[in-house]
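Trainee: Need a 3D model of the following:
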Amino acid sequence: MKKLSAVQLKQQALVMAVADTIEQQAKEQIPGMLQCWFSMEYHLFPSSLLLRFQFQDEASLEHAKSDLLIWQKRLSGMMLKKGVILKDMRKHLVFTLDGPEA
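Mentor: Have a look, this model is predicted:
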C-alpha cells in the first residue's frame, strides 16, 4: 500500500475526528447503533467520502431510518465547521447492517 501524502494524512485526520464525534453521539442517541465506519478515495475527497452507521439488527435499522436526514445534516454541519463542504449531504451518510469487513 502506498504511503499517504501530508495532505492525505490531514484529510484522514479530519474525517477520523468527525467520524469519532458523530459515532459517539449516535451511540448515545440511536438504539441499536453499533459503530460508524467510513471509506473514501483521497484523490476524490470530499465527494468520495461515505460514512456508514452499522446497526445490530433489521428492527433497529428500520426504527432509525426516519432520522437519517437529521444525521446527514449533522455530518454536513460538522464537516463544514472543519472547512469541508459536502455538496450533496445525502450521498455521504447511510445506515446499514454491513460491517467494514463486508
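
Trainee: roughly how far is the longest helix seen in the chain from the heart of the chain?
Mentor: The helix spanning the most residues in the chain, taking DSSP state H as the definition, is helix 6-29. The chain centre lies 8 Å from the centre of helix 6-29; the measure is C-alpha atoms, centre = their mean, to the nearest Å.

Trainee: contacting residues around the helix or strand just after it?
Mentor: With elements assigned by DSSP states H and E, the helix or strand that comes after helix 6-29 is strand 33-39. Under the criterion C-beta atoms under 8 Å, 6 or more residues apart in numbering, residues 15, 19, 22-23, 26-27, 48-56, 60, 64, 99-100 lie in contact with strand 33-39. Quick note: C-beta positions are derived from backbone N, CA and C, even for glycine.

Trainee: Give me the buried subset of those.
Mentor: Among the contacts of strand 33-39, those classed as buried by 16 or more other C-beta atoms under 10 Å are 15, 19, 22-23, 26, 49, 51-55, 60, 64.

Trainee: which one of the residues you listed sits closest to I85?
Mentor: L49 (11.3 Å; C-beta to C-beta).

Trainee: Using neighbour counts, pick out the buried residues of the longest helix of the chain.
Mentor: Judged by neighbour count using 16+ other C-beta under 10 Å, the buried positions of helix 6-29 are 11, 14-15, 18-19, 22-23, 26.

Trainee: now those as JSON lines including distance to L34?
Mentor: Output for these, formatted as JSON lines (distance: C-beta to C-beta, whole Å):
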{"residue": "Q11", "distance to L34": "25"}
{"residue": "L14", "distance to L34": "23"}
{"residue": "V15", "distance to L34": "19"}
{"residue": "V18", "distance to L34": "18"}
{"residue": "A19", "distance to L34": "14"}
{"residue": "I22", "distance to L34": "14"}
{"residue": "E23", "distance to L34": "10"}
{"residue": "A26", "distance to L34": "10"}
